[in-house]
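> predicted model follows, preceded by the sequence.
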Amino acid sequence: MERIPILQMGDLLLVTIQVDMHDQLALALQDDLSEKIQKTSARGVLIDISALDIVDSFIGRMIATISALARIMDATTVVVGMQPAVAITLVELGLNLTGVRTALNVERGMKLLQQPDRES
Amino acid sequence: MTVRSGALPVRTEQDVVLARQEVRKLAVACGLRLVDQTKLVTAASELARNTVIYGGGGEMQWETVEQGLRKGVRLVFADQGPGIPDIAQALTDGWTSGTGMGLGLSGSRRLVDEFELDSAAGRGTRVTITKWT
């Protein structure tokens, strides 16, 4: 089955979503990430969604779930690169991604994850 | 006035992805601006998923429409599933008959200019949405 690659960089995991995800692929990413966090003892997860031209309620829920489960596993998640049109649509749809940390781009997201006390 | 029309099957998750891509093409061709394209594609994604999950599969009919100088994309998501017994309830934010977040119907209504829901228990569901330039 098709999978979204998860890269490890020190104690961070990097995910770049570059395909138009069908729902199973999104669910697989959720499973893969939680396994990878455990295996690598990662402290941070950076998810780059700059290539996504829509985020619907399913993908939004996946992002919120990943963020919540990573937190329970002692890792911080930052979602970066959301396109403005996607952000506008998400809010109007009614999804606020409460509890999900975001940054405008990869650089800022990395900075956020590298702060010594990044818990919020 | 209908300019072009067609239909796509919406039976599997892959069909939902294909429907999104088709709607994007239609939205671009019709000249919707980027934010409106995104809203229409997102609404289509929500409704197509509903068709697969709750309607047991169906189809998406599409047409590009014109009204004076305005152009638009109209989509119909139709299934022969169990239907919606209480439409007002189904359109409430946060209400779900399944395991979703309950934003699909109510949320997609906010993303488009026209929204029409025709359904009754045992009669399938038909959702028509239109986005204008």
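Alright, I've got the coordinates.

> return the residues in contact with the residue nearest the centre of chain A.
Centroid-nearest residue in chain A: A:Ile47, 3.5 Å away (criterion: C-alpha atoms, centre = their mean). Listed by C-beta atoms under 8 Å, 6 or more residues apart in numbering or on different chains, the contact set of A:Ile47 reads A:Val15, A:Thr16, A:Ile17, A:Ile63, A:Ile66, A:Thr77, A:Val78, A:Val79, A:Val80. Heads up, the C-betas are built off the backbone N, CA and C, glycines and all.

> so, low pLDDT: which residues of the chain?
Chain wasn't specified; assuming chain A. A:116-120 (pLDDT under 70).

> hmm, I had chain B in mind actually
Ranges of chain B meeting pLDDT under 70: B:98-100.

> strands of that one, start to end?
Using DSSP state E, the strands of chain B run over B:2-10, B:58-67, B:70-79, B:114-119, B:125-132.

> report the angle between the fourth one and strand B:70-79.
When axes from the mean of the first three to the mean of the last three C-alpha atoms, to 10 degrees is applied, the directions of strand B:114-119 and strand B:70-79 differ by 20 degrees.

> on contacts alone, who are the packing partners of strand B:114-119?
Counting contacts by 3 or more C-beta pairs under 8 Å, 6 or more residues apart in numbering or on different chains; DSSP states H and E, strand B:114-119 packs against helix B:87-90, helix B:104-111, strand B:125-132.

> and chain A, which of these is closest to it?
Proximity to chain A (C-beta to the nearest C-beta) singles out helix B:104-111 among the helices and strands packed on strand B:114-119, at 3.9 Å.

> using CSV, lay out the strands of chain B together with mean neighbour count.
CSV is the format used below for these (neighbours: other C-beta atoms under 10 Å in any protein chain shown):
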stretch, mean neighbour count
strand B:2-10, 13
strand B:58-67, 18
strand B:70-79, 21
strand B:114-119, 16
strand B:125-132, 21
